[in-house]
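J.: need coordinates for the below:
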Amino acid sequence: MSKRLAVLEAIKRLIQTALPDAQVIGLDDEEAKPEAVGPGGLVIVRSGMPGDPDIDLSPPTWWWEHVVPIEIAAYGEPGRRAQIVLAEMIGRIDVARQADPYLGGLCVHLDATMPVDGEQNMPGAVPVGWADFNLVPFYSTTSPLG
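T.: Prediction:
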């Protein structure tokens with residue numbers, strides 16, 4: 001398995017561990033947006049863009065700053081708006097990220113961007129909250145193909 005795929009799979013596992021009640025999908029045929037959000041919420045991990053690497057020449061090493069989009073959706077609960085539920089979910093992901101900022105040695109650092117959030121209202125349906133943010137692992141490979 002390539003380093004890029006190993007890092008993406010490690011990010012997905014980190015989120016699954018942080019949010020055991022949520023449905024965590026992505027990085028395979030499930031990447032399309034699903035039509036339903038389960039009671040524990042939904043997280044989609046996208047492949048993202050590794051971007052253009054910085055290169056060290058001796059020995060040849062490619063340094064990647066890979067932007068991995070994360071999409072979260074959840075319903076509110078009695079007495080708690082969906083945005084509060086989402087903030088707690090994001091907080092649990094951040095605690096897991098801070099506990100292992102190296103993804104078990106796969107990267108030199110795992111950063112995150114500030115979430116953008118909102119709420120989707122459909123006539124006759126319970127409003128669902130959503131949030132998007134990026135996890136950004138910094139890692140190196142010995143080949144540009146990864």
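J.: all contacts plus neighbour counts: C-alpha atoms, from now on.
T.: OK.
J.: what's across from residue 61 in the sheet?
T.: According to DSSP bridges, the partner residues bridging residue 61 are residue 56.
J.: how near is it to residue 55?
T.: According to CA to CA, to the nearest Å, residue 61 stands 6 Å off from residue 55.
J.: next one: residue 64
T.: Distance, residue 64 to residue 55, by CA to CA: 9 Å.
J.: residues shared between the contacts of these two?
T.: Counting by CA atoms under 8 Å, 6 or more residues apart in numbering, residue 64 and residue 55 have no common neighbour.
J.: who's more crowded, these two?
T.: Ranked by neighbour count (other CA atoms under 10 Å), residue 64 and residue 55 place residue 64 first, with 23 against 16.
J.: what comes up buried for whichever helix or strand that one is part of?
T.: Applying DSSP states H and E as the criterion places residue 64 in strand 60-65. Using 16 or more other CA atoms under 10 Å as the test for burial, strand 60-65 gives 61, 62, 63, 64, 65.
J.: output the longest helix belonging to the protein.
T.: For the chain, the helix with the greatest residue count under DSSP state H is helix 82-99.
J.: tell me the helix or strand right after that one.
T.: strand 109-112.
J.: okay, now the sheet partners of that next one, with direction.
T.: By DSSP bridges, strand 109-112 pairs with strand 128-141 (antiparallel).
J.: tell me which residue is most central in the chain.
T.: Nearest to the mean C-alpha position of the chain, counting by CA atoms, centre = their mean, stands residue 70 at 3.6 Å.
J.: excluding its backbone neighbours, what's nearest it?
T.: Nearest non-adjacent residue to residue 70, counting by CA to CA, 6 or more residues apart in numbering: residue 45, 4.9 Å away.
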